[in-house]
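Trainee: just need the structure, nothing else, for what follows:
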Amino acid sequence: PESCSVVLMLLLLLLFLSLWQCDTRPIPASNNAGYMALKQWWWNSPSGLYQRGLYDAPSKVAALRKEFGLDVKELYKYVKKVRKHAKTHTWQEGPYMYSFCQYYQADLQQVVDYLKPIVKDLNLKEKQAAAELARAKAEAEAAPEIVVVSAPKRANATKEEEPTPQCPMRALLGASACGSTHSHV
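Mentor: Numbering: from 1, shown residues only. Model (predicted):
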């Protein structure tokens, strides 16, 4: 009855979410096996970068972001780790020792070099925005609170009954101080 409909709704929600996320896959783990899986996809897979003919850095970055669903900063951090690993990693198959080829390493370096100034610019903009927000918050906290109070008007007041503003100097110096038209001789 009711519990079955709740379970059914949850299953439908999970199915929808899995279909919605289907165009990205998890990024390979940051270990030898994960880095090898990335290299195999990058270089050998029909959906990988090399087999699709993506040779320039902007195309590679766009394809990597779409494939793994990463933002620029995450991608930069990950590819930097992959590049560092690819420089020195070796493995043995039978009597033969292997390392990642120079072309794959050059591809990784190209992506790192392309992303580095972009990430640097993003970090600078984030710092500036945070500083601006902090400055605005400090100004708002330091600013005196301004309260505007107005005197209520009487319901029956006419223009003649409203008091006229007084010159502050009149109280000190008399009527002549505020431009009186009659003379005091």
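
Trainee: contacts and neighbour counts: CA atoms only from here.
Mentor: Noted.

Trainee: what about the helices in the protein?
Mentor: Secondary structure of the chain, counting by DSSP state H: helices at 2-20, 32-44, 57-68, 72-88, 102-142, 168-173.

Trainee: so which of the ones you listed comes closest to Gly94?
Mentor: Among these, helix 32-44 comes nearest to Gly94, with 17.5 Å by CA to CA.

Trainee: now that closest one: buried residues?
Mentor: 32, 35-36, 38-39, 41-43 (16 or more other CA atoms under 10 Å).

Trainee: kindly format the C-alpha coordinates of it as PDB.
Mentor: Taking Å, rounded to 0.1, in the frame of the first residue of the first chain, the C-alpha atoms of helix 32-44 are listed here in PDB:
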ATOM      1  CA  ASN A  32      48.800   2.900 -10.300                       C
ATOM      2  CA  ALA A  33      45.800   1.000 -11.500                       C
ATOM      3  CA  GLY A  34      43.700   4.100 -11.900                       C
ATOM      4  CA  TYR A  35      46.400   6.000 -13.800                       C
ATOM      5  CA  MET A  36      46.900   3.000 -16.100                       C
ATOM      6  CA  ALA A  37      43.100   3.000 -16.700                       C
ATOM      7  CA  LEU A  38      43.200   6.700 -17.600                       C
ATOM      8  CA  LYS A  39      46.100   6.100 -20.000                       C
ATOM      9  CA  GLN A  40      44.300   3.300 -21.700                       C
ATOM     10  CA  TRP A  41      41.200   5.400 -22.100                       C
ATOM     11  CA  TRP A  42      43.100   8.500 -23.200                       C
ATOM     12  CA  TRP A  43      45.300   6.800 -25.700                       C
ATOM     13  CA  ASN A  44      43.500   3.500 -26.800                       C
END
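
Trainee: residues touching that helix, excluding its own?
Mentor: Identification of contacts with helix 32-44 by CA atoms under 8 Å, 6 or more residues apart in numbering yields 28-29, 47-51, 82, 104.

Trainee: quick one: average pLDDT of it?
Mentor: Averaged across helix 32-44, pLDDT comes to 94.

Trainee: do stretch 139-157 as well
Mentor: For stretch 139-157, the per-residue pLDDT averages 68.

Trainee: ok, now stretch 93-110?
Mentor: Mean predicted confidence for stretch 93-110 is 95.

Trainee: hmm, who's touching it?
Mentor: By CA under 8 Å, 6+ apart, stretch 93-110 touches 39, 43, 57, 79-80, 82-83, 86-92.
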